[in-house]
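1. fold the following for me, if possible:
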Amino acid sequence: MSFVSVSMDPAMQVNSVRREIERLLQDVAPARAAAAWVPAANGYESATGFMMEFDVPGFAPDQLDVTAQDGALIVSGNRSTQENAEGTRALFVERSSASFERRLRLPKSADVTNISATYANGLLTVRVAKLAVLAPRKVAIGVAESVHTPAHNQ
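-> The predicted model follows:
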């Protein structure tokens, strides 16, 4: 009776395990990445207001929502997976449905009654005007007629 000795190179074993782990992660990673996605944003301030730009490629304007609530600007979006046309089947689907919500605290000088939003080429631009700064106003003090009260008669 003879025995066949098979030896595996440790480096080959490590590479095999690494490939298997990468394969498993590829199956899970797209779903996890889609759930955690929020659009990148830039914010600017000028003398008259604030401007925020959000990268929202693949979203249509009617899939986006901009709301001001409790001192925050809330930008959200919801995109559903596109249906196959009749008589076709998907070969692969990498652009899945996605939703997000992004909250940004607005400065106290923001006028939440004066907000506008525009969309072009995958970029959502939100503008918030600043509240008008009122100059200090001196209040004149008038002289009232002398009123006699029991406290003054003593």
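
2. run a quick neighbour tally on the closest residue to A40 other than its chain neighbours.
-> Setting aside the residues directly before and after it, A40 is nearest to D55 in space (Cβ to Cβ, 6 or more residues apart in numbering), at 4.7 Å. Any C-beta I mention is one placed from the backbone N, CA and C, and that applies to glycine too. By the criterion of other Cβ atoms under 10 Å, D55 has 13 neighbours.

3. Provide the secondary structure category for N78.
-> Judged by DSSP: H, G, I helix; E, B strand; the rest coil, the three-state class of N78 is strand.

4. quick one, helices of this protein?
-> 10-35 (DSSP state H).

5. in this protein, what helix or strand scores lowest on average pLDDT?
-> Least confident helix or strand of the chain, by mean pLDDT, DSSP states H and E, is helix 10-35 with a mean of 66.

6. and the top strand by length along the chain, how far out from the chain middle?
-> The longest strand of the chain (DSSP state E) is strand 110-120. Mean-position distance between strand 110-120 and its chain equals 15 Å (Cα atoms, centre = their mean, to the nearest Å).

7. so which elements touch that strand?
-> On a contact count with 3 or more Cβ pairs under 8 Å, 6 or more residues apart in numbering; DSSP states H and E, strand 110-120 meets strand 49-55, strand 64-69, strand 123-130.

8. that strand pairs with which strands?
-> Here strand 110-120 is paired, per DSSP bridges, with strand 123-130 (antiparallel).

9. average model confidence for the strand it pairs with?
-> Mean pLDDT, strand 123-130: 97.
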